[in-house]
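**Q** predicted coordinates and the sequence they were generated for:
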Amino acid sequence: MPAGCVFWIRGAHGEYLTHAVDHANCSVGSLTHGFRSLPEVAGNDDVQALLASGWVDEAGVTALPVVPKGTDTVAYAPLATASFAPQVVLVRLNARGMMTVKNAVPDLAVEGKPQCHIVAMAKNHQRVAASVGCALSRARTGMSVDEATCVFPAATLHTLIADLEHHAALDSSMARYAGDDARRFSAGQR
């Protein structure tokens, strides 16, 4: 695979197990997922290309959150059919979905590039993390320009789902009100 984030997309369609070597084409993803250390990837062509282009600087790479080394595998599956207990849950969102998550999680961390480090943020700190995506991930996965990724710690999922449902209902109620109000103004009523 070109990068670990491609497994995120494939995991929405079926269950499978990956090994560290399966993620090796993307040094940054191998770093953030805890498969390889910074000294192990620093000299790789892809890291050097990122640094040489100015897309990211050395301080940015050094500061990336990473999953502590401890496993050489990652399992992926749709949440509803997973045969294992997940540690994190990845969700693709549009802007309205991101609005609902932000309302339910006021301290939501919204990150940029690289996208893969939000997995480490959610897993290590048990907090919801989102990314607007990155050019690398979008090119490798075919991620739509209208999508963002959010990672939920599985341990918080029950409470988080209740909060999301509550805020989604509030948002829908306010959208209906605003839609009625807009129709009143477009009809020339004041």
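**A** Perfect, I can see it now. Numbers count the residues shown, from 1 in each chain.
**Q** so where's the longest helix in this structure?
**A** Taking DSSP state H as the assignment, the helix of the chain that covers the most residues is helix 157-186.
**Q** now find how far off-centre that helix is within its chain.
**A** 24 Å (C-alpha atoms, centre = their mean, to the nearest Å).
**Q** and it, what does it pack against?
**A** On a contact count with 3 or more C-beta pairs under 8 Å, 6 or more residues apart in numbering; DSSP states H and E, helix 157-186 meets helix 95-104. (Each C-beta comes from the backbone N, C-alpha and C, glycine too.)
**Q** count residues in the vicinity of Gly179, would you?
**A** 10 (other C-beta atoms under 10 Å).
**Q** check contacts around it.
**A** Gly179 makes contact with no residue, according to C-beta atoms under 8 Å, 6 or more residues apart in numbering.
**Q** distance of it relative to Ser186?
**A** 10 Å (C-beta to C-beta, to the nearest Å).
**Q** again with Asp163
**A** Asp163 sits at a distance of 34 Å from Ser186 (criterion: C-beta to C-beta).
**Q** counting neighbours, go ahead and name the busier of those two.
**A** In this view Asp163 and Ser186 are compared by other C-beta under 10 Å, and Asp163 has more residues nearby, 15 against 8.
**Q** need the strands for the protein, in chain order.
**A** Taking DSSP state E as the criterion, the chain carries its strands at 16-19, 73-76, 88-93, 109-111, 129-131, 148-153.
**Q** just to revisit the earlier point, report the buried residues of the longest helix of the chain.
**A** Leu160, Leu164, His167, Ala168 (16 or more other C-beta atoms under 10 Å).
**Q** again, but for stretch 105-123
**A** Neighbour-count burial for stretch 105-123 [16+ other C-beta under 10 Å]: 105, 108-109, 111, 113-123.
**Q** low-scoring stretches of the protein, by residue?
**A** In the predicted model, the chain carries pLDDT under 70 at residues 188-190.
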